[in-house]
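> Build me a structure from this.
(chains A and B)
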Amino acid sequence: MELLKVEQIEKYYGNKSSLTKAIDDISLTVNKGEFVAIMGASGSGKTTLLNCISTIDKVSSGHIYLEGKDVTTLKGKHLNKFRRDNLGFIFQDFNLLDTLTAYENISLALSIQKVPVKEIERRIKTVAEQLGITHVLTKYPYQMSGGEKQRVASARAIVTKPKLILADEPTGALDSKSSAMLLERFAFLNKDLNATIMMVTHDSFSASYAGRVVFIRDGKVFHQIAKGGDTRKEFFNKIINVMTLLGGDVADAI
Amino acid sequence: MLFKMSLRNVKRSMKDYAIYFFTLIIGVSVFYVFNAIGSQAAMMEMNQSTREIVKMLKSSISMTSVFVAVVLALLIVYASRFLMKRRHGEFAIYMSLGMSKWQVSKMLLTETVVIGGISLLVGLIFGIGLSQLMSVLVANLFEADMTAYQFTFSVEAAQKTVLYFVIMYLMVIVLNNVAVTKMKLIDLMRSGKKSETIHNKNLFVCFVVFILAAAALGCAYYQVGWNYTELNEAKMIASIITGMVSTFFIFWSVSGAILRLIMSMKNTYYRSIHAFTFRQISSMINTMVFAMTVICLMLFVTICAISSSFAVRNSMNHNLQALCPADVDVEIKDPDIKDTGKLYEKYGYDIGENMGEYVTFSTYRDKDFTIEDSFGELSDDIKKSVPFLQTGNKEEIVGISDYNHLRMLYHQKPLSLAKGQYIVLCNFQSMKTYRDAALKANTAIEVFGQKLSPKYKKCQNGFLQLSASRTNSGVVVVPDEVVKNQKSDVAYFIGNYITKDKTAIEKIEKQQKERFEKIMEKETDEKPLEYVYTTKTEVADSALGLGAVLAFLGIYIGLVFLVSSGAILSLKSLSECVDSVDRYGILRKIGVEEKDILGSLRTQLAIFFLLPLGLAIIHSIAGMKFATMFLESLGTWKMWNSIFVSGGILALVYGGYFIISYMSSKQIISES
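Residues are numbered from 1 along each chain as shown, chains lettered A, B, ... in the order given. The predicted structure is shown next:
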């Protein structure tokens, strides 16, 4: 079933004299239960695309539909409400509140939806087990490792059972071991809990955990490949091939 | 280049400096306004006695200004250090680019000079404007003629303001330089990444400390506010110190426990973004325990100073009606003069000339009847507890019919007295306490050989002399036959003029006084005479003047303290807000609604501002209780009015700081 539909969106920066097209006519759809990776070099427009979908940024033209609802027409306080009720965010720099414990950070996402205390407790317990962070729940962000922080941030993103989870370079600040652990959790969330994930990355290894990879270059969709029946390793090699085709950024991809 | 950079720094950090500017401007203008009062009053038309009071006001403001300058200097140093700390990252960049400490100092110097110059100028302009309003108030208080209003500018006050503030700015410059030379690049670079230290105080210890501090505070309150009859200097100082120390420990324990307490209330803590809000509050007050204590104490002084000074002023006016119910009061102390009227006749004058109602009578003293005798058996106890009381003084005695005539003149109900009874008149509170005790014990006295027992169990409210305050420490009223044929002690003549018209009274007063002085001159040729000549006009002038002086000083000190408290709280809350900008960004990203974010900000600021105010108000209850006792002799009429007035001033200035802090914080967090 179609969850997200991006229709011919464009995003310009600057003024008439010096116009930068960050996104130049992109259309794509994401189905429910899909794990999609958006790949591209720095400056290709992948983060702008994510920001437009998440309503953090506004499109210059085109439409974005989430479950048939046009999110580009939302304004003011409806934006926050839309984000709160429909989306889960995972950022490169975690964005955890340094004054709160892991438990409180996760609880915040629920308490702003007015979930009762008992329910908060139950849901955090479940999500903590799923992401393997039960032992850090009472810790503050500065007492945790990068991987733990990112898993706490992920827990905060999925605990509200959002329709769509948006991850912006989630492994960007992690070492390879922590990255692998986090991505395995993502795959688990996607397969076993049927979560829809859209992840922006420039790292082929991260992208190989997804079910489908969309390549973006110069603000346009350059290519798409689906994992199909491939193993992760085969899929990884395919991604590397496309990246070579994209050119110039092979070093970046490895 | 450096100069350009300094200017740009000032412009760019205008937001940070806004509160600093605001505080400096208020400081400068308040300083000018109060110091200009003297020269303003000099321009007005007023009588001689008021002039004397203005002189007194001027010198007392001048002295207070030194103290005020010290407070403002501390505040300015605090604020500038605070702003410096916020700029450590900036200094780190300068120094890592190779700028020398000397150059950084020079840049800071330029900034201070620019800010100091602008604030001084703007503050003076504001001050000159405000002082025009003040002259209306001054004229009103001193009942001066304002028909010939003119714009006044006090060169003296302006010079003084500039001098004092230049000294303060110099101090800031020196201290800033010291701070710069002490800076280490590594510390500067690290200061941006402060790791949040979590203050984990033991909840049990907090609880015990809170209970102990509250108990100590209660004790101090009791000593000062309720048990004041046993209060002496040592106890007073002990209570003040206890109060200060307890205040600190109350904030210490509250800051440690407040978060834990709310965390234990899960339904509150895990609702909306309360978890975030209370963490913020907790971290704010945890780093401010000492500052909060100082602020609380300053607010306490403000409330007490403003309300008691207003109370004194109000009751002065009220007292005049109650305690000064006649126009003129002449007292001559001479055993041979029993009737002042006869004395006037002797020199060919009519004492009733130009007079409406009047009475003449005399009072007596018995050399064997002293205050000690009035106290009877309680005398030893009272002497022990108040050693300075002069119990050996002879009591003033008056016959009942003489006194009742006076009461009629004063529009008071006459008293009745049977044979063998006596009444004591007293309205001086502390003396009344002892006298009441003696009367309650049914103390019998012997006056001119006649035994008398008290008619009432306590002193009656009454007095003989005209006065602005309750200073009658005791007059004994006895049956007429007791004082019959005794030698007079003081001959009284008390009365009202025939007219109520102000200019007519002035004329009569002048004539009467000249006449009286002539008589006294002639009389004293024979022997020296003690006498008192009091008019309502004189009493009113000095009372109003004293009230005005107290009111001005109270407002002056109160305002300065209030401004200081508000400024410290605002600065702290703003810097906290700047440090938390990222956190608000995160809240927005996870979808917290704007109204919840602003609500959280409001809650944080409100608790932060209300905490010291709350304790200060509780302190003030005991403080005002003490002040009421202390001001008893001056009168505490309409105390509540004064409390409302001071509450209004407090709400205006403190509330103003709250609103500015909220608006600036709102702007800071909405930038991202």
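> can you pull the contacts of the closest residue to A:Phe188 other than its chain neighbours?
Spatially, and ignoring its direct neighbours in sequence, A:Phe188 is nearest to A:Gln130 (7.2 Å; C-beta to C-beta, 6 or more residues apart in numbering or on different chains). (Glycine included, C-beta is placed from N, CA and C.) By C-beta atoms under 8 Å, 6 or more residues apart in numbering or on different chains, the residues touching A:Gln130 are A:155, A:185, A:188-189, A:193.
> Weed out the non-buried ones from these.
Among the contacts of A:Gln130, those scoring as buried are A:155, A:185, A:189 (criterion: 16 or more other C-beta atoms under 10 Å in any protein chain shown).
> Let me know the closest of those to B:Leu121.
Nearest to B:Leu121 among the buried ones among the contacts of A:Gln130: A:Ala155, at 57.1 Å, using C-beta to C-beta.
> isn't that closest one right next to A:Val127, touching?
Yes: counting by C-beta atoms under 8 Å, A:Val127 is a contact partner of A:Ala155 at 4.7 Å.
> Now do the shared contacts for the two.
A:Ile106.
> mind checking how far B:Thr161 is from B:Val33?
To B:Val33, B:Thr161 is 10 Å away according to C-beta to C-beta, to the nearest Å.
> ok, back up a step: helices - which of the contacts of A:Gln130 land there?
Judged by DSSP state H, helices contain the following of these: A:155, A:185, A:188-189.
> ok so, going back, give me phi/psi at the residue nearest to A:Phe188?
phi -60, psi -40 (degrees, to the nearest 10).
> that older thread, between the buried ones among the contacts of A:Gln130, which is nearest chain B?
Closest to chain B out of the buried ones among the contacts of A:Gln130 is A:Ala155 (12.2 Å), distances taken as C-beta to the nearest C-beta.
> show me the contacts for that closest one.
By C-beta under 8 Å, 6+ apart, the residues touching A:Ala155 are A:102, A:106, A:124, A:127-128, A:130-131, A:133.
> State the pair within the residues you listed that is farthest apart.
A:Ala102 and A:Gln130 (14.2 Å).
> For B:Ile273, see how far away the residue of chain B found nearest chain A is.
Closest residue of chain B to chain A, C-beta to the nearest C-beta: B:Gly591 (2.9 Å). Distance check for B:Gly591 against B:Ile273: by C-beta to C-beta, it reads 11 Å.
> which residues are common contacts for these two?
Common neighbours of B:Gly591 and B:Ile273 (C-beta under 8 Å, 6+ apart) are A:Ile112.
> quick one: low-confidence parts of the chain?
All of this refers to chain A. Where chain A drops to pLDDT under 70, the residues are A:247-254.
> my bad, the chain I had in mind was chain B
In the prediction, chain B carries residues with pLDDT under 70 at positions B:1, B:15-16, B:42-49, B:140-150, B:190-200, B:228-231, B:630-639, B:671-672.
> quick one, strands of the stretch 151-254 of chain A?
A:164-168, A:197-201, A:212-217, A:220-226 (DSSP state E, counting those that start in this stretch).
> Among those, which comes closest to B:Lys184?
Of all the strands of the stretch 151-254 of chain A, strand A:164-168 comes closest under C-beta to C-beta, at 37.5 Å.
> outside of that closest one, which residues touch it?
Residues outside strand A:164-168 that contact it (C-beta under 8 Å, 6+ apart): A:3-4, A:30, A:47, A:50, A:53-54, A:66, A:86-92, A:154, A:157-158, A:186, A:189, A:195-200.
> Could you tell me which of these belong to helices?
Short answer: these in helices (DSSP H) are A:47, A:50, A:53, A:86, A:154, A:157-158, A:186, A:189.
> Among the residues you listed, list the two that are farthest apart in space.
Checking those with C-beta to C-beta, the most distant pair is A:Thr47 and A:Leu189, at 21.9 Å.
> And chain A, is the longest helix seen in chain B touching that?
Once chain B is assigned using DSSP H, the helix that runs over the most residues is helix B:536-579. No: on the criterion C-beta under 8 Å from any C-beta of the partner chain, helix B:536-579 is out of touch with chain A, staying 10.3 Å away.
> Identify the residue spatially nearest to whichever residue of the stretch 51-200 of chain A sits closest to chain B, adjacent ones excluded.
Nearest residue of the stretch 51-200 of chain A to chain B: A:Arg84, at 2.9 Å (C-beta to the nearest C-beta). Using C-beta to C-beta, 6+ apart and skipping residues adjacent in sequence, the residue nearest A:Arg84 is B:Gly591, 2.9 Å away.
> cool, B:Met5 as well?
B:Met107 (6.2 Å).
> Surely B:Cys441 and B:Leu378 touch.
If you look again at residue B:441, you'll see it is Ala, not Cys. Yes: at 6.1 Å, B:Ala441 counts as touching B:Leu378 under the criterion of C-beta under 8 Å.
> Settle it for me: which of those two has more neighbours?
More crowded of B:Ala441 and B:Leu378, by other C-beta atoms under 10 Å in any protein chain shown: B:Leu378, with 17 against 14.
> Skip the chain neighbours and tell me the closest residue to that one.
Leaving aside its sequence neighbours, B:Leu378 sits nearest to B:Ala438 (C-beta to C-beta, 6+ apart; 5.3 Å).
> residue contacts, the one you found?
B:374-376, B:378.
> which bits of the stretch 151-254 of chain A sit near chain B?
A:Arg156.
> overlap in contacts of B:Thr161 and B:Val33?
Counting by C-beta under 8 Å, 6+ apart, the common neighbours of B:Thr161 and B:Val33 are B:Gly127.
> about what we covered before: how close does the residue nearest to B:Leu378 sit to B:Gly449?
21 Å.
> Equivalent analysis for A:Val159, please.
100 Å.
> Looking at those two, which has the bigger crowd around it?
More neighbours surround A:Val159 than the other of A:Val159 and B:Gly449, with 24 against 8 (other C-beta under 10 Å).
> okay, now the domains of chain A?
Residue ranges for the domains of chain A, per automatic domain parsing: A:2-201, A:220-249.
> could those domains be laid out in CSV, adding distance to B:Asn177?
Putting the domains of chain A into CSV (distance: least, C-beta to C-beta, whole Å) gives the following:
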stretch, distance to B:Asn177
domain A:2-201, 34
domain A:220-249, 53
